[in-house]
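[1] prediction below, plus the sequence it came from.
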Amino acid sequence: MRADARRNYQRILECAAEVFAEQGPEAPLDDIARRAGVGPGTLYRHFPHRESLIAAVYRSSVEDLRARAVELSGTRSALDALQLWMRSQVEFVMANRGLAVTLKGALDHDSDAYQACSLMATDAAAAVLKPAQDAGLVRPDIEARDLIRLGHGIGVACETAPEAAQRLLEVAFAGLRSPHTRSSTSS
């Protein structure tokens, strides 16, 4: 893709996320093109139908969380990476839940796009969970999907009470720690 085409693609994705958040998945695609500063033809060249645009916006948000997991796992200690990623996930859910629910609802859960995003999210969680488990810092019975469920639950619960998110995350972190780690830190 040429540089200008890449910029247009990215601008369309960003504007589509905004418009979908404001108006829902049935928002006029012409509104998205106008906000992105491109013609409808440019939008349709990149996204031939509404579903492909919705899938791309959803995928982009999941890719951001995956990139955060990769960055943290390469630059932080295992436990710090896990905790910082979960904070990022909770912040994402609190800020984007309406959009995520809208996009997920508009996607066929059996579609390749939805399945790819689900796998990508699970891989991101595993990238920060496994090193912490391998180091004996986190319970071995926790699965990557558990982290996603936990972060999602806290994010949804704190959407209207964001001040509670940090406290609930600390409780969750305490519960994730391996029994050995908990007993050695309280001695």
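    Thanks, I have the structure now.
[2] helix or strand: which one has Ala172?
    For Ala172, the host element (DSSP states H and E) is helix 165-176.
[3] buried sites along that helix?
    Residues of helix 165-176 classed as buried by neighbour count (16 or more other C-beta atoms under 10 Å): 165, 168-169, 172-173, 176. (C-beta placed from N, C-alpha, C; glycine too.)
[4] quick one: mean pLDDT over it.
    Here helix 165-176 scores 96 as its mean pLDDT.
[5] just stretch 112-121 next, same as before
    85.
[6] one more: stretch 150-158?
    93.
[7] contacting residues around the closest residue to Tyr9 other than its chain neighbours?
    The shortest distance from Tyr9 to any non-neighbouring residue, by C-beta to C-beta, 6 or more residues apart in numbering, is to His46 (5.2 Å). The contact partners of His46, taken as C-beta atoms under 8 Å, 6 or more residues apart in numbering, are 5, 8-9, 12.
[8] looking at neighbours, which among the residues you listed is most surrounded?
    Neighbour counts for those peak at Ile12, which has 24 neighbours (criterion: other C-beta atoms under 10 Å).
[9] wait, that residue sits on Val38?
    Yes. The pair Ile12 / Val38 is scored as a contact, 6.5 Å apart, by C-beta atoms under 8 Å.
[10] average pLDDT across the helix or strand that Tyr58 is a member of?
    Secondary structure from DSSP H and E places Tyr58 in helix 50-75. Averaged over helix 50-75, pLDDT sits at 91.
[11] can you start the count at 867 instead of 1 from here on
    In the new numbering, first residue 867, that becomes helix 916-941.
[12] got the buried residues for that helix?
    Within helix 916-941, the residues that qualify as buried are 919-925, 927-928, 931-932, 934-936, 938-939, counting by 16+ other C-beta under 10 Å.
[13] to the chain's geometric centre, what's the distance from it?
    Relative to its chain's centre, helix 916-941 lies at 6 Å (C-alpha atoms, centre = their mean, to the nearest Å).
[14] tell me what the longest helix seen in the chain is packed against?
    Across the chain, the longest stretch assigned as helix under DSSP state H is helix 944-972. Using 3 or more C-beta pairs under 8 Å, 6 or more residues apart in numbering; DSSP states H and E, the elements in contact with helix 944-972 are helix 869-889, helix 916-941, helix 978-1000, helix 1010-1023, helix 1031-1042.
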